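Participant: Pasting the sequence and the predicted coordinates here, then a few questions.
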Amino acid sequence: MLENLSERLQGIFSGLRSKGRLTEEDINAAMREIRLALLEADVNFKVVKVFVARTKERCLSSEVLDSLTPAQNVVKIVLDELTELLGRTDSRLVLGSRIPNVIMLVGLQGSGKTTAAAKLAYRLKQENHSPLLIAGDVYRPAAADQLQTLGDEIGVRVYRGDGRDPVAIAKEGVQDAIDNLRDVVIIDTAGRLHVDEDMMAEAAAIKEAVKPDQILMVVDAMTGQDVVNVVEAFADSVDFDGVIMSKMDGDARGGGALSIREVTGKPIKFISSGEKPDSLEVFHPDRMAKRILGMGDVVSLIENAVRVQQAEEEELEAERMMRGNITLDDFVMMNAQMRKMGGVQKLVSALPGGDKALASGQVDEGALDAMEVIINSMTKEERAKPELLNGSRRARIAKGAGVSVTAVNQMMKKFNETKKMVKQATAGMDAQMGRGKKGKKGKGKRRRGLGIPGMGGMSMKDLKKIQDMMGQ
């Protein structure tokens, strides 16, 4: 989503940097290009007009034009204004002291409400809450069955009710949460293909009946400019608190995401991409702005790494890897951890310039999987002691994996390079932490690395080096 806008903006900035000093005409030309790029991305035209005018005024100041690095100042201004457009203030979901907290989801049919409800329940469960899902969509065929299936997958109870009255089901569901000691209730409501009075009246009736602590509107990121009209209609009827942008992995222009906050004043609280339960992410305006401008989102990547940190019993294994003594089995484990973090594609896309590298085909997304096939063709002893791999063993492995001996040799070369890099990276970390040769720091508690599971204390720079070696 928004890849085309990102590419256009990066091209505009590249042209400004090549000029050195900038004139007023250079700024005017750049603003015209930015305006066209935003309109082509389906950003609301009123939002574009205000954004460009505000940005242009700041860029034409003498402080920018007379500076030594005017192009960098322009980029900084665009970043600031884009962050402001997306919503600079914190938009996290805040739960109150009421038990249970009631969260109501609204939106058009097909926006992804039911899936978003399950993803939100999964996220809250991971945060040690005990959520209950309420199937309040009594019109769409199999809507309750879909929610039940999703609830079963993530281990969250679903209340379906017996009747066809969504207001009654919502009230009964809240009581069920009280009876079963659930601290958060998420109500999935019915939608329509278009905004109509019946849908709004029903949403207002449910709101009046259960008095939700939070009302979140689920918006399909591929809706385009029309999303503004839809959001405004819901804002007038139910006065929702925030937005969940679904289908952020779609291939549409996605400018609606840039329009919502400016037009309605309602913050985007979550973004969702993919079908996996863990694909609902807290929305950070500053990080999204940086992604759009090609600056990456390493902070979110690190946070994601921390969330999937290996269990306590794997600490000893991680400590051994931090000493640089990795085996081929560790390579397989690293691959599994990358899958948990969204795969190579998600990791690379979070790095500065990563989206561009993926789009141009510079990254081989199947490189790790190909290595795993080769490693699985080895014996347990060979995986633990790679030094045993002589010529005849490598020929046998190549035949078992269906690859050439050259492919096996290349994989082993990359493994040895990675092993050496891990040892160097962790040695540097030991020095910074004041550890001795045995990896101890005085008598204090043993410390972990930077939070990248299965990869010891390696930094994001180290991770990029591994990607460079594995993906090319």
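Facilitator: Structure's in. What do you need? Numbers count the residues shown, from 1 in each chain.

Participant: nearest spatial neighbour of the residue nearest the centre of the chain, skipping sequence neighbours?
Facilitator: The geometric centre of the chain, computed from its C-alpha atoms, lies nearest to E281 (Cα atoms, centre = their mean), at 5.2 Å. The shortest distance from E281 to any residue that is not its chain neighbour, by Cβ to Cβ, 6 or more residues apart in numbering, is 5.6 Å, and that residue is I271. Where C-beta positions appear, they are placed from N, C-alpha and C, glycine not excepted.

Participant: Measure how buried that neighbour is and give me the count.
Facilitator: When neighbours are defined as other Cβ atoms under 10 Å, I271 has 22 of them.

Participant: Check whether it really touches F283, as I assumed.
Facilitator: Yes: here I271 lies in contact with F283, judged by Cβ atoms under 8 Å, at a distance of 5.0 Å.

Participant: what is in contact with these two at once?
Facilitator: Here I271 and F283 share the contacting residues M245, scored by Cβ atoms under 8 Å, 6 or more residues apart in numbering.

Participant: Helix or strand: which one has the most far-flung residue of the chain relative to its centre?
Facilitator: Centroid-distance maximum for the chain: S392 at 44.9 Å, with Cα atoms, centre = their mean. Per DSSP states H and E: S392 is located in helix 391-401.

Participant: circling back to that earlier point, now the residue nearest to the centre of the chain. Its backbone dihedrals?
Facilitator: Summarising the backbone geometry of E281 under the convention degrees, to the nearest 10, its torsions are phi -120, psi 150.

Participant: do the same with V218
Facilitator: Geometry field for V218 lists phi and psi as phi -90, psi 120, criterion degrees, to the nearest 10.

Participant: so what's the residue nearest to it when sequence neighbours are not counted up against?
Facilitator: Nearest residue to V218 in three dimensions, chain neighbours excluded: G107, at 3.9 Å (Cβ to Cβ, 6+ apart). With Cβ under 8 Å, 6+ apart as the criterion, the residues that contact G107 are 113, 191, 217-219, 234.

Participant: Could you tell me how far G107 is located from N28?
Facilitator: 40 Å (Cβ to Cβ, to the nearest Å).

Participant: Any stretches of the protein with poor pLDDT?
Facilitator: Applying pLDDT under 70 to the chain flags residues 1-2, 68, 88-90, 224-225, 249-254, 257, 295-326, 331, 334-368, 421-472.

Participant: Give me the domain ranges for it.
Facilitator: Domain assignment for the chain, taken from automatic domain parsing, gives 3-86, 101-285, 303-470.

Participant: Let's have these in a markdown table, adding distance to L93.
Facilitator: Compiled in a markdown table, these are given as follows (distance: least, Cβ to Cβ, whole Å):
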| stretch | distance to L93 |
| --- | --- |
| domain 3-86 | 17 |
| domain 101-285 | 6 |
| domain 303-470 | 16 |
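
Participant: quick check, V243 in a helix?
Facilitator: No: residue state for V243 (DSSP: H, G, I helix; E, B strand; the rest coil) corresponds to strand; a helix is not indicated.
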